[in-house]
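Q: output the structure for:
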Amino acid sequence: MAKTGGRRKRKTAGSKRPVQRTRRGDPGDLMTDVRRKLATGEPADFLAYVSTLVAALDPRSKNPFERASRQPTVPLSELIGSFADVELPETAALLAALAVLTPDELGRARARQACKASPHPVPDWLARLDQTSVDRAVECTHVLGDGDNVMLNVRLPDHDLTMVVYIDHNLGTVVKDGFPAPADVDGVVSRLRAAAGDHAAGDLGMHYGDISLADARARISQALENGTRLFPPLESETWPASRPLAEWLLRLLPAGGTGYTRPEWSKAALRALTNRFFGSPFGRGLDDEDNRQLLSLLLSFGTDSGPGDPTRWSPVAVEILLADWIPRMIAADASFLAKAPELLRKLIRFCHGEHGIASSLTQETLAAVNRCEPDYQRAIRSSRPQGPQALLTAVGLTGEPDPLASAHQHLLDGLAEEMGGYDVLDSLDDAALPDEDFAWDSVPADARDQVAAVLNQCDRCAGELLGPEYRTACRRLLARAAPGIPGTSLASGKPELVAAAVCWVIGRCNHRFGTRPGELKVKDVTGFFGITGSTVSQRGYQVIRAAGLRISDDYSVIRPIPASLLASERRRWIITMRDRHRAAIED
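A: Presented below is the predicted three-dimensional model:
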């Protein structure tokens, strides 16, 4: 989905499905997983699983900050050989998938030959996987230009799926996430619109349109190549796990398309933009030497970073500018730099006005300035590498900070962003959530009966499945969401569906769900309420909006997450990681 804020990982909402990570263990675990994936009858599940297996052996998936594993990585060719030597229905199915997902042609040929030699049949759709085609590509863009979703409509034998690839422009036009959705592209677009709420996509700055298959290949390929130069590499629940699947589908597309091209801003165009701003009501009275220099810096950031358009300001661009770019790149007095946030607010209003951007998006972008300014004002007054020194530090040519310390700082910043700032992160405790009554004061009178029914179902799930602290967390979220429910489709939803959505949100916030044996899974919660997984995620995003909270940039959970919704176990883990990263930085 096109981004609307934040700077970390982003995933598409609606049809998003977690992909199980490949684990090292007993070979029987692998065969059991294969049987389960095949038993669903859903190609997307099985192909995503095998793609994860291939990606785990891909050297591009290794984080450069990580030390070499004690267990050497098994070459994919050796894995194909081991599957060929074990004649089982499960290995035959794996070989059939590897015959298209293996990156090199020699490996694919070996897998095809081994699959044909197996005495065990595979499902018909899997046997005819080489008949797969891609017949349509749809691009979802956002008016602020942070990133695009490119969606490929995939025709498998007797099945349809959509490969969704999110391309982030703020990080250098790179693939930030990708996953297969078990529906055709029209169904995925419908789910994306539903997940966005009750408004038309255009109201949120999102636009959908078909692009040629050649252009889709060119754009995704360009973003994949750019991603190989990113340090550290991007990771999500489904990326780079889905990269082999995406690369297979790209091989099915025609070449010769047009990739992304950055807009070119001449000195004359930037000068005209500067004069229009200072001549507008937003810039009137600000035309002095300091503000002209600051505006030149802001426009320079806009042309050199992100989508390359200095007139399209988003919450993401604001955060990168104030939290990183100016403090790290600009060597100047704090009294001079301190004026940047206020000038930026006026520039945002001016640029959004010129483009006719919806006021709601303008307010979100201005809110990002407000969130970032306190840390920005502290940063420009602190001791830090600046100018050329900052560039040398970034490429590791100075002794401090070293790359490993930078990695820990990056992870520490991520924890602070997740919690809503360093003040919240530093004040966390690991006390258990108390067993408290439901806050009925916030519930509208006409919604009390429905909320009572939902509350009863949430309590039942917490008591039988989640645990006592989750009862309180679910109650708190439901109380926050209750005033906003009447204005959404949740108002007509069954209590079980709304309760499942509440439990899903709390479970995701607390990282309660896993994929390994013995771990609680999302399907355990949906099965408890007797509903499907795709429905619960859509309703979950509506619960988040009804509660007045912001969905994270990757559409995985809330960002920032109120500490009051976190169980003691999750807060304890955050505290441990916070202290561990700080100790590593100080060491």
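Q: quick one: contacts of stretch 366-383?
A: Stretch 366-383 is contacted by residues 5, 314-316, 318-319, 322-323, 326-327, 334, 337-338, 340-341, 344-345, 348-349, 421-422 when judged by CB atoms under 8 Å, 6 or more residues apart in numbering. For glycine as for every other residue, the C-beta is placed from the backbone atoms N, C-alpha and C.
Q: can you give me the neighbour number for the closest residue to Leu465 other than its chain neighbours?
A: Leaving aside its sequence neighbours, Leu465 sits nearest to Phe528 (CB to CB, 6 or more residues apart in numbering; 5.7 Å). Neighbours of Phe528 under the rule other CB atoms under 10 Å: 18.
Q: shouldn't Phe528 be within a strand?
A: No: with DSSP: H, G, I helix; E, B strand; the rest coil as the criterion, Phe528 is assigned helix and is not in a strand.
Q: please report how far it lies from Ile326.
A: To Ile326, Phe528 is 49 Å away according to CB to CB, to the nearest Å.
Q: what helix or strand is the residue located most distally from the centre of the chain on?
A: In the chain, the residue that sits farthest from the middle, by CA atoms, centre = their mean, is Pro119; the gap is 42.0 Å. Under the criterion DSSP states H and E, no helix or strand holds Pro119.
Q: isn't it up against Glu87?
A: Yes: Pro119 is within contact range of Glu87, at 6.1 Å (criterion: CB atoms under 8 Å).
Q: contacting residues for Leu411?
A: By CB under 8 Å, 6+ apart, Leu411 lies in contact with Met577, His581.
Q: helix or strand: which one has it?
A: In the assignment (DSSP H and E), Leu411 maps to helix 403-419.
Q: pLDDT of whichever helix or strand comes after that helix, averaged?
A: Where DSSP H and E defines the elements, the next helix or strand beyond helix 403-419 is helix 422-426. Here helix 422-426 scores 94 as its mean pLDDT.
Q: please apply the same query to stretch 260-277.
A: Per-region confidence: stretch 260-277 scores 92 on mean pLDDT.
Q: now it: buried residues?
A: Tyr260, Trp265, Leu270, Leu273, Thr274, Phe277 (16 or more other CB atoms under 10 Å).
Q: could you do stretch 443-460 as well?
A: For stretch 443-460, using 16+ other CB under 10 Å, the buried residues are Val443, Ala447, Gln450, Val451, Val454, Leu455, Gln457, Cys458, Asp459, Arg460.
Q: flag the least confident of those.
A: Here the lowest pLDDT out of those sits on Ala447, with 89.
Q: contact partners for that residue?
A: Each residue near Ala447 by CB under 8 Å, 6+ apart is listed here: Ala482, Ile485, Pro486, Ala491.
Q: just to revisit the earlier point, out of the buried residues of stretch 443-460, the closest to Glu139 would be?
A: Nearest to Glu139, judged by CB to CB, of these is Val454 at 37.7 Å.
Q: surely that closest one and Ala501 touch.
A: No: using CB under 8 Å, Val454 is not in contact with Ala501; the gap is 9.2 Å.
Q: okay, now the unreliable bits of the protein?
A: 1-28, 60-74, 196-204, 231, 383-404, 407, 515-517, 532-535, 553-556 (pLDDT under 70).
Q: counting by contacts, list what the strand or helix carrying Ala501 packs against.
A: Using DSSP H and E, Ala501 sits in helix 495-509. Under the contact criterion of 3 or more CB pairs under 8 Å, 6 or more residues apart in numbering; DSSP states H and E, helix 495-509 touches helix 448-461, helix 468-481, helix 522-529, helix 533-546.
Q: what angle do helix 533-546 and that helix make with each other?
A: Angle, helix 495-509 to helix 533-546, by axes from the mean of the first three to the mean of the last three CA atoms, to 10 degrees: 80 degrees.
Q: from now on call the first residue 558
A: Got it, the first residue is 558 from now on, which makes the last one we talked about helix 1052-1066.
Q: buried set for helix 1052-1066?
A: 1052-1066.
Q: around Asp970, count how many other residues there are.
A: Neighbour number of Asp970 under other CB under 10 Å is 18.
Q: who are the contact partners of Arg669?
A: Leu652, Ala656.
Q: got it, and Pro867?
A: Listed by CB under 8 Å, 6+ apart, the contact set of Pro867 reads Trp822, Leu827, Leu830, Leu855, Leu856, Ser857, Phe858, Gly859, Thr860, Cys908.
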